[in-house]
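Peer 1: Predicted coordinates and the sequence they were generated for:
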Amino acid sequence: MLGHAQIAGMATAVPPITATVDEVWDALGRARGRRMPKLQGAEGARTRYFAEPLTSLMERRTQSQQTDAYLEHARGLARRVCCTALERSGIAPGDIGLVIGVSCTGVVLPSLDAELIPLIGLRPDVARLPITELGCGGGVASLARGLDYLRAYPQRSVLLFAVEIPSLTFQPDDHSVDNLVAAMVFADGAGAVVLRGGDGPRGWTLEHAGTVLVPEGARHLGYELRDGGLRVILSRELPDVVAKHLRGAVETFLEEAGVGLSELDGVAAHPGGPRIVDAIERALDLHADALATSRSVFAGNGNASSAGIFFVLEEMQRCGAQGRVLAIALGPGLSIELALMRLTA
């Protein structure tokens, strides 16, 4: 039987500046030079975390300015979550055999993991795996790559981190619905975990991981690097694509693991926004509060892209959830990233 991996330490972090969705909406109106219609319901009170004040985020940036700002903020967040996850794991930095760095909201070479290695005391011969193009799915995909590595090298450990600053990708001159929705949905944050081989007595155990590509969904989600920076693609048809394809992908994945959908004790869905979470709920015929943690994380933190899943896993553990949990995240491709996990109190 293939081996498992234990999350020995986990951490999340957000930048210090907060704003409500109502405040973001008003700032968007000022950036567009017109008064925006008032938001309905309680959604406007939701919290978002940003690396810079809204007045700064709504200004035009050159690609160079965007990269400089990304490096400034992403470096600090990545280092903080990695150091905290390592400290909580009790694993020495010198015992890390692979470091996986995930980020899709900034493009830099060398990648952030290369800068972190000497700063946090990892060995210079540590293996590196930077991941950029999997977008919001990158967090779950990085868990899968960590599991693969530990099955080959069970005596070693893995440090993986995801850091995203999507607020810096806002394009003030892009008046598309995609850009508007992205500004309301996304927020900045980072997460990190330390994995080691085997099963642990408490906490999260990673049992099985997989991915399913839905090519017809490729045009509905992603970024395009254009003049002025990254241009977001966030189609209103995406929830329908998810609802159509997710169940078949999940059932095939679980069958490979020898588990039925009805045997799951919980689902950790990437906090991609209400319509995405609703689509996951419909596709899997989940009961009304099955995705309450994902909805709560979205309300309190927004969608931190690849880092979002770690906020959900951390919150589920804090709330005392137990049993078999299916982690789900969606990335460009359309890529459905899946991980079967077990949480023991």
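Peer 2: Structure received.
Peer 1: what about the residue nearest to residue 15 when sequence neighbours are not counted, distance to residue 191?
Peer 2: Among residues not flanking residue 15 along the chain, residue 51 sits closest, at 4.4 Å (CB to CB, 6 or more residues apart in numbering). The way it works is simple: take the backbone N, C-alpha and C, and place the C-beta from them, glycine included. Distance, residue 51 to residue 191, using CB to CB, to the nearest Å: 16 Å.
Peer 1: Of the two, give the one with the bigger neighbour count.
Peer 2: For residue 51 and residue 191, the more surrounded residue by other CB atoms under 10 Å is residue 191, and the numbers stand at 30 against 24.
Peer 1: Let me see the ranges of the strands in the protein.
Peer 2: Here the chain has its strands, by DSSP state E, at 5-13, 17-20, 47-50, 96-102, 127-131, 157-164, 189-197, 203-213, 221-226, 229-234, 266-269, 323-331, 335-344.
Peer 1: Which among these is found nearest to residue 62?
Peer 2: Closest approach to residue 62 among those (CB to CB): strand 229-234, 8.1 Å.
Peer 1: how about that closest one: buried residues?
Peer 2: Residues of strand 229-234 classed as buried by neighbour count (16 or more other CB atoms under 10 Å): 229-234.
Peer 1: And for that strand, what's in contact with it?
Peer 2: Among residues not part of strand 229-234, those counted as contacts by CB atoms under 8 Å, 6 or more residues apart in numbering are 61, 63, 66, 105, 168-169, 171, 174, 178-179, 181-182, 185, 219-225, 332.
Peer 1: got any ranges where the stretch 151-300 of the chain has weak pLDDT?
Peer 2: The model of the stretch 151-300 of the chain has no residue with pLDDT under 70.
Peer 1: all helices of it, in order?
Peer 2: 177-185, 238-257, 274-283, 292-301 (DSSP state H, counting those that start in this stretch).
Peer 1: Reformat those as a markdown table; add distance to residue 38.
Peer 2: Output for the helices of the stretch 151-300 of the chain, formatted as a markdown table (distance: least, CB to CB, whole Å):
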| stretch | distance to residue 38 |
| --- | --- |
| helix 177-185 | 14 |
| helix 238-257 | 25 |
| helix 274-283 | 18 |
| helix 292-301 | 19 |
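Peer 1: Among these, show me which one is buried the most.
Peer 2: Among the helices of the stretch 151-300 of the chain, ranked by average contacts under mean count of other CB atoms under 10 Å, first place goes to helix 292-301 (a mean of 21).
Peer 1: circling back: would you mind listing which of the contacts of strand 229-234 are buried?
Peer 2: In terms of neighbour count (16+ other CB under 10 Å), the buried residues within the contacts of strand 229-234 are 61, 66, 105, 168-169, 171, 174, 178-179, 181-182, 185, 220-223, 332.
Peer 1: Nearest to residue 21 among the helices of the stretch 151-300 of the chain would be which one?
Peer 2: Using CB to CB, the helices of the stretch 151-300 of the chain put helix 177-185 closest to residue 21, at 6.0 Å.
Peer 1: Output the closest one in PDB with nothing but the alpha carbons.
Peer 2: Coordinates of each C-alpha in helix 177-185 appear next as PDB, following Å, rounded to 0.1, in the frame of the first residue of the first chain:
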ATOM      1  CA  VAL A 177     -16.800  42.300 -15.100                       C
ATOM      2  CA  ASP A 178     -13.900  39.800 -14.500                       C
ATOM      3  CA  ASN A 179     -11.700  42.600 -13.100                       C
ATOM      4  CA  LEU A 180     -14.500  44.000 -10.900                       C
ATOM      5  CA  VAL A 181     -15.500  40.600  -9.400                       C
ATOM      6  CA  ALA A 182     -11.800  39.700  -8.800                       C
ATOM      7  CA  ALA A 183     -11.300  42.900  -6.800                       C
ATOM      8  CA  MET A 184     -14.200  41.900  -4.500                       C
ATOM      9  CA  VAL A 185     -13.400  38.200  -4.200                       C
END
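Peer 1: elements contacting the longest helix seen in the chain?
Peer 2: Secondary structure of the chain per DSSP state H: the longest helix is helix 63-89. Packing partners of helix 63-89 (3 or more CB pairs under 8 Å, 6 or more residues apart in numbering; DSSP states H and E): strand 5-13, helix 112-119, strand 157-164, strand 189-197, strand 229-234.
Peer 1: Out of the ones you listed, the one nearest residue 213 is which?
Peer 2: Closest approach to residue 213 among the helices and strands packed on helix 63-89 is made by strand 229-234 (16.8 Å; CB to CB).
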